[in-house]
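J.: I'd like to go over a predicted model; first the sequence, then the structure.
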Amino acid sequence: MQVRREGARLSAPGISDNGTGLAALISIARAIHESQIKPRRTILFVADVGEEGEGNLRGMRALVDAYRRNSKPR
């Protein structure tokens, strides 16, 4: 993949996929916090790694494994 500079902007296929999603995730969390919304349940705002190609979903697998160990039956 070749990154191109166009003025102050960097351009390449898929370059903002992760950054845009992460910015949206943080914005939603901040909006909930600043609005003083009190959810009935815990909300996890999760960003992961290894979801494409040979990554084998390692980020999501680690999250599920961590919460499986810490979860209590209802």
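T.: Arrived safely, thanks for sending. Numbers count the residues shown, from 1 in each chain.
J.: what helix or strand is L10 located in?
T.: strand 9-11 (DSSP states H and E).
J.: report the distance from that strand to the chain centre.
T.: Offset of strand 9-11 from its chain centre (C-alpha atoms, centre = their mean, to the nearest Å): 22 Å.
J.: so which elements touch the helix or strand that comes right after it?
T.: Heading C-terminal from strand 9-11, the first helix or strand you meet, by DSSP H and E, is helix 17-34. On a contact count with 3 or more C-beta pairs under 8 Å, 6 or more residues apart in numbering; DSSP states H and E, helix 17-34 meets no helix or strand. Using the backbone N, CA and C atoms, a C-beta is placed for each residue, glycine as well.
J.: contacting residues around the strand holding L10?
T.: Residues outside strand 9-11 that contact it (C-beta atoms under 8 Å, 6 or more residues apart in numbering): 3-5.
J.: what sits against the residue nearest to the spatial centre of the chain?
T.: For the chain, the residue sitting closest to the mean C-alpha position, by C-alpha atoms, centre = their mean, is A47 at 2.3 Å. Taking C-beta under 8 Å, 6+ apart as the criterion, A47 is in contact with 18, 21-22, 25, 59.
J.: quick one: it from I32, how far?
T.: 16 Å (C-beta to C-beta, to the nearest Å).
J.: could you report the neighbour count for I15?
T.: 14 (other C-beta atoms under 10 Å).
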